[in-house]
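> Give the three-dimensional model of this entry:
(one chain, ligands or ions: 1)
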Amino acid sequence: MRPHNMVEDHVFEIADRLTAADAEFCGCMKCLTDVSAYALSQVTPAYVTSDEGRNHALARLQSPETTAEITLRVTEAIAAVKSHPRH
Ligand SMILES: [Zn+2]
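The predicted structure follows:
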């Protein structure tokens, strides 16, 4: 199993939800990708290489604290991309 960053799945999911809810967000593929990349570079990664590691990481990622942190980072990323779009 190659190392997988479990944080990615959560960032993509939250980014999809928050950008879809923001009527002022561009929504083109470039802006969406930039939001995920910006947020991912701010959040501590959670690399796993086994099913056991995956379960541990999932439990941590689903905690309210981690969800709140990822939501905050994605919100910051959306604001940054909106003020400086690269499309
Ligand atoms: Zn765009």
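
> So in the protein, which helix runs the longest?
As assigned by DSSP state H, the longest helix anywhere in the chain is helix 64-83.

> which of the residues in that one are buried?
66, 69-71, 73-75, 77-78, 81 (16 or more other Cβ atoms under 10 Å). (Glycine included, C-beta is placed from N, CA and C.)

> Show me the contact partners of it.
Contact with helix 64-83 is made by 7, 10-11, 14-15, 18-19, 22, 24-26, 31, 34-36, 38-39, 42-43, 60-61, as judged by Cβ atoms under 8 Å, 6 or more residues apart in numbering.

> Would you map the helices across the protein?
Using DSSP H, helices in the chain cover 6-21, 29-40, 51-61, 64-83.

> From E52, how far off is the residue nearest in space to the middle of the chain?
Centroid check for the chain by Cα atoms, centre = their mean gives V11 as the closest residue, at 1.8 Å. Using Cβ to Cβ, to the nearest Å, V11 is found at 23 Å from E52.

> Kindly provide the distance from the residue nearest to the centre of the chain to the ion.
18 Å (Cβ to the ion, to the nearest Å).

> what's the pLDDT at that residue?
With respect to pLDDT, V11 scores 97.

> who's in contact with it?
V11 is in contact with 36, 39-40, 43, 70, 73-74, counting by Cβ under 8 Å, 6+ apart.
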